[in-house]
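# pasting the structure only:
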């Protein structure tokens, strides 16, 4: 029996059987070799989807974070503390507001007087009563809603005076007391006693002699206001024609100026030196002095109230940081 030689069988001579096995082997391995590529494509697609979701999530949450921040700012400004700009120089040098200088921004505490009464020496922001504003020219903002809107936005962060009818002065006397000027040493008298006023500023060119005025009994539930720039301040001595009409109702007081927050070169607390402290006997009871435990309440409430605000702030910051990291990954 003759067997075909390799020359007679071309397929065998060329290793067709082996080649056929090779093709089958290759065909069998093709799915295996393509699986990692498909897996990589799937992971890449999933990663892209995750990034896209994180980016969409960030832009969805950003308005919420902004609304929460504005809401907290509004609540704090309305009920706890607010930044006011000092527009005039009537409180120099305690508070800057002189022409050509950078006006001070002061943080006004609106909680203190919920627990204590305003007292002599307090620097306060208050709404001018009718006697103080009856002769004022109408504001342009009242007829320009756009200007009024931006004025309100600016007042929230202390970039503009909150209202042209808001004032800042120092309390010199309280309801029931009698105030007058001056004694032989050019000092204001309250109930016949001279005041100790180290904060008075004598502006150059205006002299160092205070304007005299007759005794005025401060109406109950009112206070007598005077500026530290004593000869350049339109205060209770002149407003409403002077006398009892110049006094300011306690209900008009917005809050107590605590700290100068801007500019940085002026960072400091606002003096609340009691000018009557030296004049009044130390042991004598005072109707306008609050008990020590009441004076400490605002600070305690401020500390307690700071915790939820701090917690919300940390959560918001963590959320922004987390979303920012997701965008970068």
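On my side now, so go ahead. Fair warning: this is a prediction, and the values are worked out from it, not measured in the lab.

# quick one, helices of the chain?
10-13, 16-79, 130-133, 145-156, 292-328 (DSSP state H).

# which residues touch residue 202?
Applying C-beta atoms under 8 Å, 6 or more residues apart in numbering to residue 202 gives the contacts 208, 230-231. In short, each C-beta sits where N, CA and C put it, glycine included.

# residue 100 versus that one, what's the distance?
Residue 202 sits at a distance of 19 Å from residue 100 (criterion: C-beta to C-beta, to the nearest Å).

# same check on residue 251?
Going from residue 251 to residue 100 by C-beta to C-beta gives 36 Å.

# looking at those two, which is more packed in?
Neighbour tally, residue 251 and residue 100, criterion other C-beta atoms under 10 Å: the higher count belongs to residue 251, 10 against 5.

# which residue is the nearest non-sequential neighbour of the more buried one?
Spatially, and ignoring its direct neighbours in sequence, residue 251 is nearest to residue 221 (7.4 Å; C-beta to C-beta, 6 or more residues apart in numbering).

# dump the residue contacts of that neighbour.
Neighbouring residues of residue 221 by C-beta under 8 Å, 6+ apart: 175, 249-251.

# present those residues as JSON lines; the columns should include distance to residue 109 and pLDDT.
Output for the contacts of residue 221, formatted as JSON lines (distance: C-beta to C-beta, whole Å; pLDDT from 0 to 100):
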{"residue": "175", "distance to residue 109": "21", "pLDDT": "96"}
{"residue": "249", "distance to residue 109": "19", "pLDDT": "97"}
{"residue": "250", "distance to residue 109": "16", "pLDDT": "97"}
{"residue": "251", "distance to residue 109": "17", "pLDDT": "95"}
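
# tell me the two of those that are most distant?
By the measure C-beta to C-beta, 175 and 251 form the most distant pair in the contacts of residue 221, at 11.8 Å.

# before we move on, back to that, now distance to residue 259 too, for the contacts of residue 221, in a markdown table please.
Compiled in a markdown table, the contacts of residue 221 are given as follows (distance: C-beta to C-beta, whole Å):
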| residue | distance to residue 259 |
| --- | --- |
| 175 | 28 |
| 249 | 26 |
| 250 | 23 |
| 251 | 24 |
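
# one step back: list only buried entries from the contacts of residue 202.
230-231 (16 or more other C-beta atoms under 10 Å).

# tell me which of the contacts of residue 202 is nearest to residue 171?
residue 230 (14.6 Å).

# let me know the pLDDT of the closest one.
Here the pLDDT value assigned to residue 230 is 94.

# touching, it and residue 200? I think so.
Yes: using C-beta atoms under 8 Å, residue 230 is in contact with residue 200, at 5.1 Å.

# what's the closest non-adjacent residue to residue 236?
Per C-beta to C-beta, 6+ apart, closest to residue 236 is residue 246, 3.7 Å.

# cool, residue 123 as well?
Spatial nearest neighbour of residue 123, chain neighbours left out: residue 257 (4.4 Å); criterion: C-beta to C-beta, 6+ apart.

# just checking, the one you found touches residue 106?
Yes: counting by C-beta under 8 Å, residue 257 touches residue 106, with 4.6 Å between them.

# now the common contact residues for those two.
With C-beta under 8 Å, 6+ apart as the test, residue 257 and residue 106 both reach 84, 95, 125, 168, 270.
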